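> No sequence on hand, only this structure:
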């Protein structure tokens, strides 16, 4: 067989390189790039969302329900009840929208103050629409022991026993003949004052009586004359009051005693 010339051999070799290069540019099915993910539902085309709450005022620890529907009704949607926390939104509870396009979500609110809530509509793990924010006033109990006084004559913070019962967060006063008052700023955000009024069990005088009074601004809301060995529950409506004032005064002056407001507290939206 005649051997090919050097020029012909080079031409054959060059053709092979071109062919291999062309094959390298053709992707096999296994090497094909994945198809792009389906785009998320745009807010402009997402269903409309209605949103209502079961209450606008509540006590911390209670549950609140949110209801609504989406239109037009479409499958695969979820709703998440969210609470505003600073500049962010905290998710509280999530439910799937029913086949009728309705939803109901419940959550427990534990933070006192005005809570901002909204509903987020989601699909495929993405939020596609949010409702307008609604406000809920959440009232929580606060011990006066933990709040700053605006004025205070002689009251002290501490624990006392009244008629055999222990109250760890109380206000008390040791008196002979002096009257005493203390005031707290409520900012018109509180509804209820609660305490147990009486003479502390470790008083040296046990045959004395004292007058206890609760004021909301200048209005006297509650008063009672109480002697040793009695703990009297106190509940006063302080709705709309700017300031709360507690006062006590001795009805007799022949003995030294401790007068106390056991576990005095206020229900407020802060």
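Sure thing, it's come through. Bear in mind the structure is a predicted one, so any value in this text is a computation, not a measurement. Numbering: from 1, shown residues only.
> Spatially central residue in the chain, please.
residue 111 (2.5 Å; CA atoms, centre = their mean).
> what number of residues lie near residue 108?
12 (other CB atoms under 10 Å). No exception for glycine: its C-beta is placed from N, CA and C like everyone else's.
> can you tell me which residues contact it?
Each residue near residue 108 by CB atoms under 8 Å, 6 or more residues apart in numbering is listed here: 61-64.
> 10 Å - rerun?
Residue 108 makes contacts with 58, 60-64, 92-93, as judged by CB atoms under 10 Å, 6 or more residues apart in numbering.
> now swap in residue 149 and tell me
Residue 149 neighbours (CB under 10 Å, 6+ apart): 155, 157, 171, 182-185, 244, 246.
> which element is residue 173 on?
For residue 173, the host element (DSSP states H and E) is strand 165-175.
> now that strand, how far from the chain's geometric center?
Centre-to-centre, strand 165-175 and its host chain are 30 Å apart (CA atoms, centre = their mean, to the nearest Å).
> Buried residues, it. List them.
Within strand 165-175, the residues that qualify as buried are 167, 169-175, counting by 16 or more other CB atoms under 10 Å.
> quick one: low-confidence parts of the chain?
Residue ranges of the chain with pLDDT under 70: 1-44, 254.
> And the helices in it, which stretches?
Ranges of helices in the chain, per DSSP state H, are 6-24.
> contacting residues for residue 256?
With contact taken as CB under 10 Å, 6+ apart, residue 256 is in contact with 174-177, 203-205, 208, 250.
> Please name the nearest non-neighbouring residue to residue 84.
residue 116 (3.7 Å; CB to CB, 6 or more residues apart in numbering).
> so that neighbour touches residue 89, yeah?
Yes: under the criterion of CB atoms under 10 Å, residue 116 makes contact with residue 89 at 8.8 Å.
> how deep is the residue nearest to residue 84 tucked in, by neighbour count?
For residue 116, the count of nearby residues is 14 (other CB under 10 Å).
> The residue nearest to the centre of the chain and residue 92 touch, don't they?
No: with contact defined as CB under 10 Å, residue 111 does not reach residue 92; the gap is 11.0 Å.
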